[in-house]
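*Asks:* quick check, what structure comes out for this input:
(one chain, ligands or ions: 1)
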Amino acid sequence: MKVLVVGANGQLGKEFQEILRNGTADIGKIDDCFITAEKTYVDIDELDITDIQAVKKIFDKNFDIVINCSAYTNVKGAEEDFDTAYKVNALGARNLAIICSKIGAKLIHVSTDYVFDGNSNIPYTEADIANPQNVYGKTKLAGENFVKEFCPKSFIIRTNWLYGKYGKNFVYTMLNLGKVKDEINVVEDQIGTPTNANDLAYHILRIALTEEYGIYHVSGNGVCSWKDFAEEIMNLSGLKCRVNGIKSSDYPEKVKRPSYSVLDHVMLRLTVGDQMRNWKDAIKSFLKGEL
Ligand SMILES: NC(=O)c1ccc[n+]([C@@H]2O[C@H](COP(=O)([O-])OP(=O)(O)OC[C@H]3O[C@@H](n4cnc5c(N)ncnc54)[C@H](OP(=O)(O)O)[C@@H]3O)[C@@H](O)[C@H]2O)c1
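*Replies:* Numbering: from 1, shown residues only. Below you'll find the predicted structure:
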């Protein structure tokens, strides 16, 4: 079996590198077929997914499974530069989908809760209608649509509030602030679920071995606000920094963010099973490794 990880130097991509190298994730061993598989890792320096000729060339290798972790993830930057975000998130995904389909490879494409408008107050299922409110979400949805259109053997994995040891993410921002501030303000009216990148990668590898193609929601279990998450990080790390809850309207931004983006894991339950940890358990175990 030949596996290609695209965007392999990003937060999630590096998590795949680690799990595939060690043969295990935090919550369990991965299938033996991944241990014996020939693995190739590329990021933008080796493969720019927006260049279809480059994609064609690298796919000479006839991969069986392609995991796309690459994306233009700068949400604020996307608002100022639609074209670049569309080029990577939509056309790049399209290029991978076209070539995967040509060689018969399965494509795992990672997407986001930002495809939803956040007006719900019950968890979004895979059957709910997407209605993105910002440029990042719009371009990611366009990428999903291209993947569905061009690659029949595809899995679209939507996740949210991702953190891992290899990224610049909310957890490290809080840890850094907690060390130097007595108090901070964090929004309390945006509700979602933090997702440990290691748990996500583990589930993606399980999904990739099936033929249960379609959209999957894979995030931590449970529900919290950014303020709850920040408080948990401070408490677990023994930091004395007080977290004050503020409203999104107190912190005006150009980018509109969904106020509610909890994902229901219907497809996981119906296929490989939902072993995603509750967000509190996952962050506790993550911080044990950090402190
Ligand atoms: N982070 C979150 O909170 C979050 C939430 C929901 C969903 N997601 C989704 O989860 C996936 C992984 O996110 P992440 O946090 O791991 O992102 P990340 O750390 O930003 O990694 C993305 C990687 O893709 C690379 N890349 C950018 N443009 C490329 C191109 N044209 N060709 C090839 N590679 C390119 C980036 O390289 P450079 O760094 O050099 O640009 C980076 O190494 C993405 O699909 C993202 O949309 C993330």
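*Asks:* tell me where this protein is predicted with low confidence.
*Replies:* Scanning the chain for pLDDT under 70 picks out 291.
*Asks:* show me the contacts for the residue of the chain found nearest the ligand.
*Replies:* The ligand sits closest to residue 10 of the chain, with a gap of 2.0 Å, by C-beta to the nearest ligand atom. (C-beta placed from N, C-alpha, C; glycine too.) Contacts for residue 10 were tallied using C-beta atoms under 8 Å, 6 or more residues apart in numbering; they are 43, 69, 70, 71, 73, 166, 167.
*Asks:* quick one: the third one and residue 45 touch, right?
*Replies:* No - under the criterion of C-beta atoms under 8 Å, residue 70 is not in contact with residue 45, lying 11.6 Å apart.
*Asks:* more neighbours, the two?
*Replies:* Taking other C-beta atoms under 10 Å, residue 70 and residue 45 do not tie; residue 70 has more neighbours (28 against 7).
*Asks:* nearest residue to the more buried one other than its sequence neighbours?
*Replies:* Nearest residue to residue 70, sequence neighbours excluded (C-beta to C-beta, 6 or more residues apart in numbering): residue 7, at 2.7 Å.
*Asks:* count of neighbours near that neighbour?
*Replies:* Neighbours of residue 7 under the rule other C-beta under 10 Å: 25.
*Asks:* before we move on, the earlier item: in CSV: the contacts of residue 10, plus secondary structure and distance to residue 60.
*Replies:* What follows is the contacts of residue 10, written out as CSV (DSSP: H, G, I helix; E, B strand; the rest coil; distance: C-beta to C-beta, whole Å):
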residue, secondary structure, distance to residue 60
43, coil, 19
69, coil, 21
70, coil, 19
71, coil, 24
73, coil, 28
166, coil, 29
167, coil, 31
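*Asks:* can you map out the strands along this structure?
*Replies:* Taking DSSP state E as the test, the strands found in the chain are 2-6, 24-25, 28-29, 38-42, 65-68, 106-112, 154-159, 162-163, 183-187, 191-192, 195-196, 214-217, 224-225, 242-246.
*Asks:* can you list these in CSV and add mean neighbour count?
*Replies:* Shown next, in CSV, are the strands of the chain (neighbours: other C-beta atoms under 10 Å):
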stretch, mean neighbour count
strand 2-6, 24
strand 24-25, 19
strand 28-29, 12
strand 38-42, 17
strand 65-68, 27
strand 106-112, 26
strand 154-159, 25
strand 162-163, 24
strand 183-187, 16
strand 191-192, 21
strand 195-196, 26
strand 214-217, 21
strand 224-225, 20
strand 242-246, 16
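*Asks:* now those strands as TSV including distance to residue 96?
*Replies:* Below are the strands of the chain laid out as TSV (distance: least, C-beta to C-beta, whole Å):
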stretch	distance to residue 96
strand 2-6	7
strand 24-25	24
strand 28-29	28
strand 38-42	11
strand 65-68	6
strand 106-112	6
strand 154-159	9
strand 162-163	20
strand 183-187	34
strand 191-192	27
strand 195-196	22
strand 214-217	17
strand 224-225	33
strand 242-246	40
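*Asks:* any idea which of those gets closest to residue 54?
*Replies:* strand 38-42 (9.7 Å; C-beta to C-beta).
*Asks:* how about that closest one and the ligand, any contact?
*Replies:* No - if you take C-beta under 6 Å from any ligand atom as the test, strand 38-42 misses the ligand, and the best it gets is 7.4 Å.
*Asks:* got the CA coordinates for that strand in CSV?
*Replies:* C-alpha atoms of strand 38-42 as CSV (Å, rounded to 0.1, in the frame of the first residue of the first chain):
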residue,chain,number,x,y,z
GLU,A,38,5.3,3.0,1.7
LYS,A,39,4.7,6.5,3.1
THR,A,40,5.5,9.8,1.3
TYR,A,41,5.2,13.2,2.9
VAL,A,42,5.1,16.4,1.0
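*Asks:* which secondary structure elements does it contact?
*Replies:* Packed against strand 38-42 by the contact rule (3 or more C-beta pairs under 8 Å, 6 or more residues apart in numbering; DSSP states H and E) you find strand 2-6, helix 11-22.
*Asks:* most tightly surrounded among these?
*Replies:* Of those, the one with the most neighbours on average (mean count of other C-beta atoms under 10 Å) is strand 2-6, at a mean of 24.
*Asks:* show me the helices in the protein, by range?
*Replies:* Secondary structure of the chain (DSSP state H): helices at 11-22, 32-36, 52-58, 75-80, 82-86, 93-103, 135-150, 170-180, 197-208, 226-236, 266-270, 279-290.
*Asks:* so which bits of the second one are buried?
*Replies:* By neighbour count with 16 or more other C-beta atoms under 10 Å, helix 32-36 contains the buried residues residue 34.
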